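# return a 3D structure for these sequence lines:
(one chain, ligands or ions: 1)
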Amino acid sequence: MNPTVALETLGCKVNQYESSHLAEILTTANYHWVPFRAKADIYIVHSCAVTSRAAFQTRQLLRRARRNNPAALVLAIGCDAQLEPHRIARERLATHILGTAEKLDLLHWLNAAGSYSNPCLAVSDARLAATLKPLPTTRMHSGRARAFLKVQDGCDSFCSYCVVPYTRGKSRSLPQQDVRAQLERYTRHGYREVVFTGIHLGQWGKDLEPCQDLAGLLQFLAADALPPRIRLSSLEPGEWSDHLLRCVSSNPSICPHFHVPLQSGSRDVLQAMHRPYTPGQYSELICEMRRRFPRAALGADVMVGFPGETEHHFQETVELIEALPLTYLHVFPFSPRPGTPAADLANRITGSTLKQRAKVLHNLDTRKRIQFRQANIGQPVEVLVESEIEAGLWRGTTDNYLQVMFPMNRPLSPGALVTVRLRDQHKSGMVLGEPQVTP
Ligand code: SF4
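Numbers count the residues shown, from 1 in each chain. The predicted model follows:
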């Protein structure tokens with residue numbers, strides 16, 4: 001009988017993308033999938049190390065796997081396995097511990113003997129990671145709306161709170177010919193939207209010979225038959241050059257949805273975070289983006305409770321965000337990560353102060369989202385259909401990242417593009433729409 005396998009993935013979109021690649025490899029090798037709560041022969045926990053909570057969840061999942069079947073192989077793979085392999089081994093949580101490079105060779109390591117008392121431990125120095133290769137996708141899921149394409153991995157920036165450069169290593173880019181080939185494959189298989197992902201997307205091309213940049217990549221691809229939508233994941237403020245802004249505005253395939261991490265509205269805190277911009281520069285950029293892309297969703301990451309963040313610093317953040325035409329926020333409380341400079345800083349913000357600050361920003365996020373949805377009411381928009389919520393009621397996403405539900409009594413396929421007039425906000429956070437034309 002074929003071995004059964006269960007997989008749980010924590011963390012970012014890049015982890016999700018890599019997990020779907022690993023799932024395809026195992027499916028092709030005739031492994032049989034079962035849910036994580038079931039009894040399996042093999043459990044894989046694709047871990048995250050960005051916050052201490054993610055590391056805690058990693059260990060929880062490993063323990064659960066061991067309880068579900070004490071005789072199973074249990075694999076801890078990815079960022080937390082890379083960061084704390086000896087801790088996982090000491091606590092006897094896994095039979096195999098694979099770092100961020102080794103995890104991609106999963107089948108090979110599955111054949112290596114490992115036990116809880118003597119795990120197969122394969123973790124190399126992430127800083128020495130080799131050139132980025134396209135992850136070969138063995139199967140394309142025709143009939144899906146959206147695909148993710150990892151064009152970059154790693155980061156050279158070393159923000160003082162962030163563990164990613166230590167777990168994923170230096171920045172590596174997928175060469176432009178490989179990006180083109182992957183895009184063509186996705187387009188041939190009917191995907192209508194491709195999301196360019198990376199750990200630090202704006203560093204795409206810096207490691208290539210000759211050195212290139214994201215604007216050049218977009219220009220190179222513009223001559224091809226692109227899928228109707230390309231969405232860019234997060235791009236750091238300093239990476240939005242005038243050239244990139246012009247490339248994006250002249251390419252109708254690129255979705256008007258941009259995510260620009262802010263982290264703090266205080267110059268002092270940004271400096272302590274080793275973030276290379278000032279609140280004023282961030283503000284200028286966002287206002288310029290709003291001028292060039294009037295319909296765009298503009299999102300930001302914000303961190304609360306960085307060590308030493310005073311009430312005054314926090315108010316600077318709130319006031320900056322209030323004043324800017326941002327449309328949503330992702331709010332993260334500071335989480336000390338081993339090996340990062342910020343983990344050793346004094347003046348931690350904890351308890352009710354941290355919770356209260358996070359709450360203020362969550363409320364601000366809710367207000368910004370409602371305002372943005374309201375500003376779009378009455379507009380005709382193109383919705384990329386994703387799924388049927390209930391008989392005759394469909395959901396999908398606009399290019400500017402509104403989640404829309406609309407009635408349609410005829411069958412639709414995921415990936416169809418339907419023009420809808422936005423009518424009302426719904427309490428779920430979606431927008432209700434009326435179809436305008438039959439697809
Ligand atoms: S830019 Fe900073 S926050 Fe982003 S991955 Fe690199 S080090 Fe981490």
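
# low-scoring pLDDT stretches of the stretch 51-200 of the chain, where are they?
Residues of the stretch 51-200 of the chain meeting the criterion pLDDT under 70: 127-143.

# interface residues of it facing the ligand?
For the stretch 51-200 of the chain, the contact set with the ligand under CB under 6 Å from any ligand atom comprises 155, 157-159, 162, 164-165, 199-200. All C-beta spots, glycine's among them, are computed from the backbone N, C-alpha and C.

# in the stretch 301-439 of the chain, what residue is nearest the ligand?
residue 301 (8.3 Å; CB to the nearest ligand atom).

# residue contacts, that residue?
By CB atoms under 8 Å, 6 or more residues apart in numbering, the residues touching residue 301 are 234, 259, 261-263, 329-330, 332.

# list the buried ones in the helix or strand harbouring it?
Assigned by DSSP states H and E, residue 301 belongs to strand 297-304. By neighbour count on 16 or more other CB atoms under 10 Å, the buried set for strand 297-304 is 297-300, 302-304.

# and if you look at stretch 96-105?
Residues of stretch 96-105 classed as buried: 96-104 (neighbour count, 16+ other CB under 10 Å).

# likewise stretch 62-75?
62, 65-66, 68-69, 72-75.

# do stretch 385-404 as well
385-386, 394-404.

# which residues of the stretch 251-400 of the chain fall in helices?
Ranges of helices in the stretch 251-400 of the chain, per DSSP state H, counting those that start in this stretch, are 267-272, 279-292, 311-323, 351-376.

# return the most buried member of those helices.
Highest mean neighbour count among those (mean count of other CB atoms under 10 Å): helix 267-272, with a mean of 18.

# quick one: residue 69 from the ligand, how far?
36 Å (CB to the nearest ligand atom, to the nearest Å).

# residue 55 too?
Counting by CB to the nearest ligand atom - residue 55 and the ligand are separated by 16 Å.

# you'd agree that residue is in a strand?
No - using DSSP: H, G, I helix; E, B strand; the rest coil, the assignment for residue 55 is helix, not a strand.

# you'd agree residue 22 is up against residue 9?
No - look at residue 22 against residue 9 with CB atoms under 8 Å: they stay out of range, at 9.1 Å.

# if we can go back for a sec, from the buried residues of stretch 385-404, which ones fall inside strands?
385-386, 394-398, 403-404 (DSSP state E).

# could I get those residues as CSV with pLDDT?
Shown next, in CSV, are these (pLDDT from 0 to 100):
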residue, pLDDT
385, 95
386, 93
394, 96
395, 95
396, 96
397, 97
398, 98
403, 97
404, 98
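
# and the two most separated of those?
Greatest spatial distance among those (CB to CB): 394 and 398, at 13.2 Å.

# show me the contacts for residue 198.
Residues near residue 198 by CB under 8 Å, 6+ apart: 14, 150-153, 204, 233.

# kindly report the same for residue 248.
By CB under 8 Å, 6+ apart, the contact list for residue 248 reads 218, 232, 254.

# would you say the first one is within a strand?
Put plainly, it is residue 218. No - under three-state DSSP, residue 218 falls outside any strand and is assigned helix.

# next one: it from residue 248, what distance?
Between residue 218 and residue 248 the computed distance is 7 Å (CB to CB, to the nearest Å).

# also residue 56?
As for residue 56, its distance to residue 248 is 38 Å (criterion: CB to CB).

# now residue 144
Using CB to CB, we find residue 144 at a distance of 25 Å from residue 248.

# ok, then the element right after the helix or strand hosting residue 22?
Mapping residue 22 onto the secondary structure by DSSP H and E places it in helix 13-28. In the C-terminal direction, the helix or strand that comes right after helix 13-28 (DSSP H and E) is strand 32-33.

# what helices or strands is that next one leaning on?
Applying 3 or more CB pairs under 8 Å, 6 or more residues apart in numbering; DSSP states H and E, we find strand 32-33 packed against strand 4-9, helix 13-28.

# average pLDDT for the first one?
Translated: strand 4-9. Per-region confidence: strand 4-9 scores 97 on mean pLDDT.

# other SSEs contacting that strand?
Counting by 3+ CB pairs under 8 Å, 6+ apart, strand 4-9 packs on helix 13-28, strand 32-33, strand 42-47.

# nearest to the ligand among those would be which one?
Nearest to the ligand, of all the helices and strands packed on strand 4-9, is helix 13-28, at 10.3 Å by CB to the nearest ligand atom.

# what does the closest one contact?
So helix 13-28 is in contact with 5, 7, 9, 33, 44, 46, 48, 78-79, 103-104, 106-107, 135-139, 148-150, 153, 195, 197-199, 233, going by CB under 8 Å, 6+ apart.

# just the residues you listed: which are in helices?
Assigned to helices by DSSP state H, the following of the contacts of helix 13-28 qualify: 79, 106-107.

# most surrounded residue in these?
Of all the ones in helices among the contacts of helix 13-28, the most densely surrounded is residue 79 (29 neighbours; neighbours counted as other CB atoms under 10 Å).

# which regions of the stretch 201-350 of the chain lie under the pLDDT threshold?
225.

# how is this structure partitioned into domains?
Following automatic domain parsing, one finds the domains of the chain at 4-124, 146-375, 380-435.

# burial count for residue 21?
Neighbour tally, residue 21, other CB under 10 Å: 16.

# widest-spaced pair of the buried residues of stretch 385-404?
394 and 400 (18.4 Å).

# now do the strands in the stretch 151-300 of the chain.
Using DSSP state E, counting those that start in this stretch, the strands found in the stretch 151-300 of the chain span residues 152-153, 172-173, 193-197, 229-232, 257-259, 297-304.

# including distance to residue 290, could these go into TSV?
As requested, these are arranged in TSV below (distance: least, CB to CB, whole Å):
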stretch	distance to residue 290
strand 152-153	26
strand 172-173	29
strand 193-197	22
strand 229-232	17
strand 257-259	10
strand 297-304	7
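
# between those strands, which one is closest to residue 321.
Nearest of the strands of the stretch 151-300 of the chain (CB to CB): strand 297-304, 7.0 Å.

# appreciated, that's everything.
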